[in-house]
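A.B. asks: pasting a predicted model and its sequence here:
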Amino acid sequence: MTPINPQPNIPKITGGFETSYFKEEKKILPNFYKSLIFNLCEIISALFLGWFSYRYLNNLAGFWHILIFLFLFLIFAVLNSLLNKNWKSRVFVIFLETIAFFVYFYNKFNLNIILILFFAFFLFRILGEIITYREFQNSIKISFLRFTRYVFSNSITAFLLVLIGFYILKLDSPQKFLSLDYFNFLWNQFSTIYEKIYPEIKINDSFFEFTRSMILYQLQNQKDFNLLMPDEKEKLINENTLQLNEKISKILNEEKIDANEKFSAIIYKFLTKKINEFYNNFGIYFVVLWGIGLFLIFKFITSILRVIFNIVFFIIFNVLITLEIIKITGEPKVKETISF
């Protein structure tokens, strides 16, 4: 009987989806989800910031709406610049947030203008990230104020350039240079401070009440006035009030001012009239100077607000550390040196 030859040992060839790479169970680290959530929050906050900026330019939203979402956007932008070191990821996220910010302005302005402002916003955002990254590379210890400064400053610059750029494109009358709503907002801020310093002067009342209260404030500090009889005081107050009304009328270049009209309304009319004169005389040059002036004013205001931002960000940063969402660790560094 012929013995049956056993089958030769043929090696089993594996490949494709049978390799160990695909057989191994892949685990996604929790840091991936944390990074994804923070990136999404940054993009979404940019979306809302763009929405309220668009509404603000059309007098449909208040200044405080912009300020709130600008703070939210800056918080996530600064956090991500500190936590995410993957450059490809950061550039992609900043590109997406720029699209999100501009989505409401599409088809509302000239496409070339939108592209110019789009790349200005994008480049300033990237510049802040680059400087922050270099600071990280050249530092041994984390300096909170030092690392937040560049992203905050360049992000504010990017935002103001875009907002003022779109604002200038909408200008075609003196009322739009200084809208009544915006003037009232500024006036309310000014009058709140003024009334705390000079509570006797009625700056928010009629023109007559304003000038009368100013005269009364001046006369009360004079010794001779306090010695007069009540009817003499009243006569002196009225005479000085009429004289002051005439002086203010000359300053405002008005023949006659309605004494019952609010003082703030008179000031608004005067400002829009002057703006109209400058606009008609200098045209585009005045528009450019107006935009530069607004940029410098808002840049100064935001530099003051940076103190508030740092306090809020510091609290949020420490809360995230306490909840162990983020952590601070040390790592050894090897540095090359040259010597004789």
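C.D. replies: Yes, it's here. Computed from a predicted structure; not experimentally measured.
A.B. asks: who's in contact with residue 121?
C.D. replies: With contact taken as Cβ atoms under 8 Å, 6 or more residues apart in numbering, residue 121 is in contact with 98, 101-102, 158-159, 161-162. C-beta coordinates here come from the backbone N, C-alpha and C atoms, glycine included.
A.B. asks: count of neighbours near the nearest residue to it once chain neighbours are set aside?
C.D. replies: Sequence neighbours aside, residue 158 is the residue nearest to residue 121 in space, at 4.4 Å (criterion: Cβ to Cβ, 6 or more residues apart in numbering). Counted by other Cβ atoms under 10 Å, the residues lying close to residue 158 total 23.
A.B. asks: cool, residue 41 as well?
C.D. replies: 17.
A.B. asks: when you give positions from now on, start the count at 680
C.D. replies: I'll keep to 680 as the first residue from here, and by that count the last item is residue 720.
A.B. asks: list phi and psi for residue 941.
C.D. replies: Phi and psi for residue 941, reported as degrees, to the nearest 10, are phi -60, psi 140.
A.B. asks: before we move on, back to that, elements contacting the helix or strand hosting the residue nearest to residue 800?
C.D. replies: Assigned by DSSP states H and E, residue 837 belongs to helix 823-848. Applying 3 or more Cβ pairs under 8 Å, 6 or more residues apart in numbering; DSSP states H and E, one finds that helix 823-848 contacts helix 709-736, helix 742-762, helix 790-816, helix 963-1001.
A.B. asks: so where does the nearest residue to residue 943 once chain neighbours are set aside fall, helix or strand?
C.D. replies: Nearest non-adjacent residue to residue 943, counting by Cβ to Cβ, 6+ apart: residue 866, 5.1 Å away. Assigned by DSSP H and E, residue 866 belongs to helix 859-876.
A.B. asks: relative orientation of that helix and helix 742-762 in degrees?
C.D. replies: Angle of helix 859-876 versus helix 742-762, following axes from the mean of the first three to the mean of the last three Cα atoms, to 10 degrees, is 90 degrees.
A.B. asks: any buried residues in helix 859-876, and which?
C.D. replies: 862, 866 (16 or more other Cβ atoms under 10 Å).
A.B. asks: repeat that for stretch 716-736.
C.D. replies: The neighbour-count check on stretch 716-736 (16+ other Cβ under 10 Å) flags 717-718, 720-733, 735-736 as buried.
A.B. asks: just stretch 787-807 next, same as before
C.D. replies: Result for stretch 787-807 [16+ other Cβ under 10 Å]: buried residues 793, 796-797, 799-801, 803-807.
A.B. asks: before we move on, what about stretch 880-899?
C.D. replies: By 16+ other Cβ under 10 Å, the buried positions in stretch 880-899 come out as 880-883, 885-895, 898.
A.B. asks: next: stretch 914-922.
C.D. replies: 915-916, 919-920.
A.B. asks: which outside residues touch it?
C.D. replies: Taking Cβ under 8 Å, 6+ apart as the rule, stretch 914-922 contacts 887, 890-891, 894-895, 897-898, 904, 907.
A.B. asks: again, but for stretch 906-913
C.D. replies: For stretch 906-913, the external contacting residues (Cβ under 8 Å, 6+ apart) are 898, 904, 915.
A.B. asks: who touches the second one in this structure?
C.D. replies: Just to be clear, that refers to residue 904. Contacts for residue 904 (Cβ under 8 Å, 6+ apart) come out as 898, 912, 915.
A.B. asks: would you turn these into a markdown table with pLDDT?
C.D. replies: Shown next, in a markdown table, are those (pLDDT from 0 to 100):
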| residue | pLDDT |
| --- | --- |
| 898 | 83 |
| 912 | 81 |
| 915 | 85 |
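A.B. asks: of the residues you listed, closest to residue 826?
C.D. replies: In terms of Cβ to Cβ, no member of these lies closer to residue 826 than residue 898, at 57.5 Å.
A.B. asks: which strand or helix spans the residue lying closest to that closest one once chain neighbours are set aside?
C.D. replies: Leaving aside its sequence neighbours, residue 898 sits nearest to residue 904 (Cβ to Cβ, 6+ apart; 4.4 Å). In the assignment (DSSP H and E), residue 904 maps to helix 902-905.
A.B. asks: helix or strand next in line after that helix, which one?
C.D. replies: Per DSSP H and E, the first helix or strand lying C-terminal to helix 902-905 is helix 909-930.
A.B. asks: next structured bit after that next one?
C.D. replies: helix 942-961.
A.B. asks: so that next one versus helix 859-876, what angle?
C.D. replies: Using the same axes, to 10 degrees: helix 942-961 against helix 859-876 is 130 degrees.
A.B. asks: got the CA positions of helix 942-961 in PDB?
C.D. replies: The C-alpha trace of helix 942-961 is given here as PDB (Å, rounded to 0.1, in the frame of the first residue of the first chain):
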ATOM      1  CA  PHE A 942     -29.100 119.400  24.800                       C
ATOM      2  CA  SER A 943     -27.800 116.000  23.500                       C
ATOM      3  CA  ALA A 944     -30.000 116.300  20.400                       C
ATOM      4  CA  ILE A 945     -28.500 119.800  19.700                       C
ATOM      5  CA  ILE A 946     -25.000 118.400  20.000                       C
ATOM      6  CA  TYR A 947     -25.800 115.500  17.600                       C
ATOM      7  CA  LYS A 948     -27.200 118.000  15.000                       C
ATOM      8  CA  PHE A 949     -24.000 120.100  15.300                       C
ATOM      9  CA  LEU A 950     -21.700 117.100  14.900                       C
ATOM     10  CA  THR A 951     -23.500 115.700  11.800                       C
ATOM     11  CA  LYS A 952     -23.500 119.100  10.300                       C
ATOM     12  CA  LYS A 953     -19.700 119.500  10.800                       C
ATOM     13  CA  ILE A 954     -19.100 115.900   9.500                       C
ATOM     14  CA  ASN A 955     -21.200 116.700   6.400                       C
ATOM     15  CA  GLU A 956     -19.000 119.800   5.700                       C
ATOM     16  CA  PHE A 957     -15.800 117.800   6.000                       C
ATOM     17  CA  TYR A 958     -17.200 115.000   3.900                       C
ATOM     18  CA  ASN A 959     -18.200 117.400   1.100                       C
ATOM     19  CA  ASN A 960     -14.900 119.300   1.200                       C
ATOM     20  CA  PHE A 961     -12.500 116.300   1.400                       C
END
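A.B. asks: alright, calling it a day.
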